[in-house]
Structure formats: structure tokens, C-alpha cells
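*Asks:* sequence unknown, structure follows:
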């Protein structure tokens, strides 16, 4: 019997919860159907930690417990994600895990953490639409697709895009029949009440203010402050 | 200054995490834009509790802390949801909260808990597609829409439908411009890699087995066993 493949979701304080839980639910569905997969949530420790919602969460494992997962998924957020991007212990875990992993994935601004770890240099990548211009700061080439593949790196657009990316990855790993079964399981048959997003109407100015405030709050006092918080 | 409206998400052990987190992220987005709303997650106590994924969670408040929220949202799940449907303390909280609430909502099989509380008698409602036939057991009329409104009751289809339902509710409460802002915030512009679900291909037999096993596991030893676990 071969060992199951481990999919590790990376948890850090204050992250955007749906970035994590969308793909986590998809991969938990996969593991429920197929014994070939194991899903874990890894954190620096196993303490209960805050999210950007009123729900607090606790990971199932520590970084040290799962040094070499086959798949790594890094969720995003606002200020807390910049703080995580300056957290050397988190970056060290990602660099080490990325060496052996088959797929290193991110959702939303999680790709900025991968960028800060030096993993996106020269690669195509995406992030939340409001943060796309930051990718170039890490040597990555921004691409506005729902998910972007470049080698072992797979980076999704913002928040809800993690569900689409995860279903794509399940299809690639386990086949379309399994992916369709998971999609039926989570009844992912979207009907956004106002329809798809009209990108001509994107509130760039409003979100630019959030983006700047989040970066300032997250990076103040960190090693990345000098690089990003120029006046 | 008027008091903010409270949106209370109901937590119970073992629930399907995305049922909760999809709409929770939407309403947290609303509260971030508008000071008129407060979001809480309520549980019987504030202990860390398991979900159907490897992530454990802790609510922000207890039932006793938030006796009269304006909006109540009840997520679903498999066996644990049947167990919750037989939990008199949870049902008592829902009956009391429903009396004063403006909207009583559910995601996925969360509507079966509302049904067990006697709240859906004579009402149109929906649930996860695989569980739709159970609604009649609680006197409700099953309707297969993405979300179904009947009076103050708003019941969504399975898991991911909670996001659509929540955006609809935000639009109704705060207007379409705010709802669109939240939709941009979570970049909800779905691209399911295999397209929308083809209901002619729904794996009814496979899911009927899950459904039966989940009900048996959840209800064994509870007050609802005699009613539902007939041989």
C-alpha cells in the first residue's frame, strides 16, 4: 500500500478564512472519496488563532509535524498576510516544503507570501485583483487569470477563486469524474445574485485605500517595512 | 445612534465548514463596509469544536450571549447535523431566536435542523440536493431553487449555495451597491473548471448511500431515532 499524498493548508493569525476553507472543503471531499489523500492544516503551533472573521480556528498539525507535504496551499488576507510575508519562520517552512512538494499553491494574497519567500522569481502568478501590482515587487509576472500555473506553482485570484483552483487541481490529480463528484458534494453550481463581476466597474480607488492601509498595518516594524513603506 | 443589527451564525460540532464560512465571509465583508452590522458565531459554549475538515473552530459567543439576533444562519453537514437536529438545547435556542429575528436562514442540511425545531411547517424550503426528500418529513414543501424565501425563512441549497444566498441577503438588507462591493472583495466571479453542474448526471445512488449512513450515525441513540431509523 502506498502512502497517501498529504495536502497541507498553511494557517497564520488573521488570515481571510474563506481563502483557506474553500479549497480545504474541496480537498476534504477528495479525501472522503479517495483513500489516496490526507488533508492537514499546519500552523507554527497548535494554538487557537484569530481569523479575519469572528470565528477562531486551530490547526491539526504544526509545521514541524508535516515537513514535506506533496501539496502546499497558502491562503491570503490583508494586513495579517503582509505580517506573515515578513515572518521568517513561515517563509523558511514554505521554502523547505516547496523543495519537495509537487504543487505549491496560493489563494488570493497568499501569493505575496510565496513571493516574499523568493519562490515566484521569474514566474507567472496571480493574487487578489486589488494587489496584482505587488507581484512584480517579488520578481513575478502578474497574470489576471482565475488561476495561473507555472511549473509547480499554482496561484489563484482572490478569495473565492480558491474553490475553482482546488477543483482544477483535484481534476488534474484524481481525474474529472472525481472532481465532478466533489463539485456535486459541495453543490458548487454558482448563481451570483448580481451576476458575474463587471470588471469595468471594479472599485479600484476604494480598494487601493484598503490595500495601502493593510500593507502599512501589516509591515510596520517588520523586516519588509523599509522596502515597502517608503513615503 | 441606532444599535447595529446582529447576524448570528450557529455553530455545532462536526458541521460542514464551508456552509458556515461562505456566508460568514460575506457578512464579515458587509460589517467591514457598513457600521450598521455586527457578526457573531454562537455555540452552546465557547469550547474549541471539530468540523468535517481538519480545522477546529471556536465560536465568538454563546447562545446565552446572543438571545435575540436580527439574522440567524444555520449551517448543515452530514451525521453531525442529524445529531444537532435532535439536540433540544440547540432547537430551543433556534425557536426562541426565530421568534424575534427578521430572517432565519439555513445553508445545506441546516434546514433540517430548522425543520426539526418545527419552524418549516407549511413552508417552502430547500436543502442539499441529496437530502431534499427529508424536508417533507418536517412538513415543509421542497423547492429546488438556489435559495428559497418564505416569510422570514430563507433556505439555501447545498454548501456553496450559502455564498449566493448571503450575497442575495446583503443586497436585500443593504442594497445592490454594497452587495457588489462585497462580491468584489471576495472576488466571487466563479469559473468552475468543469462548468456548471449537469443535474442529469447527479450521482444519486452514491449520495443516497452517504445520506443513509449519515442519518443512521447521527440519529442513533437520539430522540429522533424512532421516527427516522425504521427498518
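*Replies:* That came through, no problem. This structure is a prediction, so every number in the text was calculated from the model and none was measured. Residues are numbered from 1 along each chain as shown, chains lettered A, B, ... in the order given.

*Asks:* how near is the residue nearest to residue A:215 when sequence neighbours are not counted to residue A:93?
*Replies:* Excluding the flanking residues, the one nearest residue A:215 by C-beta to C-beta, 6 or more residues apart in numbering or on different chains is residue A:82, at 5.3 Å. The way it works is simple: take the backbone N, C-alpha and C, and place the C-beta from them, glycine included. The gap separating residue A:82 from residue A:93 is 17 Å, by C-beta to C-beta, to the nearest Å.

*Asks:* Just the strands from chain A, written as ranges.
*Replies:* A:5-10, A:37-43, A:56-58, A:61-62, A:71-74, A:103-106, A:124-125, A:141-142, A:147-150, A:153-156 (DSSP state E).

*Asks:* now the ones you listed in TSV, with mean neighbour count and distance to residue B:41?
*Replies:* Below are the strands of chain A laid out as TSV (neighbours: other C-beta atoms under 10 Å in any protein chain shown; distance: least, C-beta to C-beta, whole Å):
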stretch	mean neighbour count	distance to residue B:41
strand A:5-10	26	20
strand A:37-43	22	18
strand A:56-58	22	9
strand A:61-62	17	24
strand A:71-74	27	23
strand A:103-106	26	26
strand A:124-125	22	33
strand A:141-142	15	35
strand A:147-150	20	29
strand A:153-156	28	26
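
*Asks:* will you turn the ones you listed into TSV that also has mean pLDDT and distance to chain B?
*Replies:* Listed next are these as TSV, based on pLDDT from 0 to 100; distance: least, C-beta to the nearest C-beta, whole Å:
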stretch	mean pLDDT	distance to chain B
strand A:5-10	98	8
strand A:37-43	98	5
strand A:56-58	98	4
strand A:61-62	98	8
strand A:71-74	98	12
strand A:103-106	98	13
strand A:124-125	98	15
strand A:141-142	98	15
strand A:147-150	98	8
strand A:153-156	98	9
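
*Asks:* and the ones you listed as JSON lines, adding distance to residue B:225?
*Replies:* Below are the strands of chain A laid out as JSON lines (distance: least, C-beta to C-beta, whole Å):
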{"stretch": "strand A:5-10", "distance to residue B:225": "36"}
{"stretch": "strand A:37-43", "distance to residue B:225": "31"}
{"stretch": "strand A:56-58", "distance to residue B:225": "32"}
{"stretch": "strand A:61-62", "distance to residue B:225": "36"}
{"stretch": "strand A:71-74", "distance to residue B:225": "39"}
{"stretch": "strand A:103-106", "distance to residue B:225": "43"}
{"stretch": "strand A:124-125", "distance to residue B:225": "52"}
{"stretch": "strand A:141-142", "distance to residue B:225": "56"}
{"stretch": "strand A:147-150", "distance to residue B:225": "45"}
{"stretch": "strand A:153-156", "distance to residue B:225": "43"}
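
*Asks:* closest to residue B:195 out of the ones you listed?
*Replies:* Across the strands of chain A, the minimum distance to residue B:195, taken as C-beta to C-beta, is reached by strand A:147-150, at 15.4 Å.

*Asks:* Paired strands for the closest one, with orientation please.
*Replies:* Strand pairing for strand A:147-150, determined by DSSP bridges: strand A:153-156 (antiparallel).

*Asks:* returning to that earlier point: between residue A:82 and residue A:93, tell me which one has more neighbours.
*Replies:* Neighbours were counted for residue A:82 and for residue A:93 using other C-beta atoms under 10 Å in any protein chain shown; residue A:82 has more, 28 against 23.

*Asks:* Spit out the contact partners of that one.
*Replies:* A:112, A:214-215, A:217-219, A:222, A:224, A:228 (C-beta atoms under 8 Å, 6 or more residues apart in numbering or on different chains).

*Asks:* Which among these count as buried?
*Replies:* A:112, A:214-215, A:218-219, A:222, A:224, A:228 (16 or more other C-beta atoms under 10 Å in any protein chain shown).

*Asks:* in chain A, what secondary structure element scores lowest on mean pLDDT?
*Replies:* helix A:225-228 (a mean of 91; mean pLDDT, DSSP states H and E).
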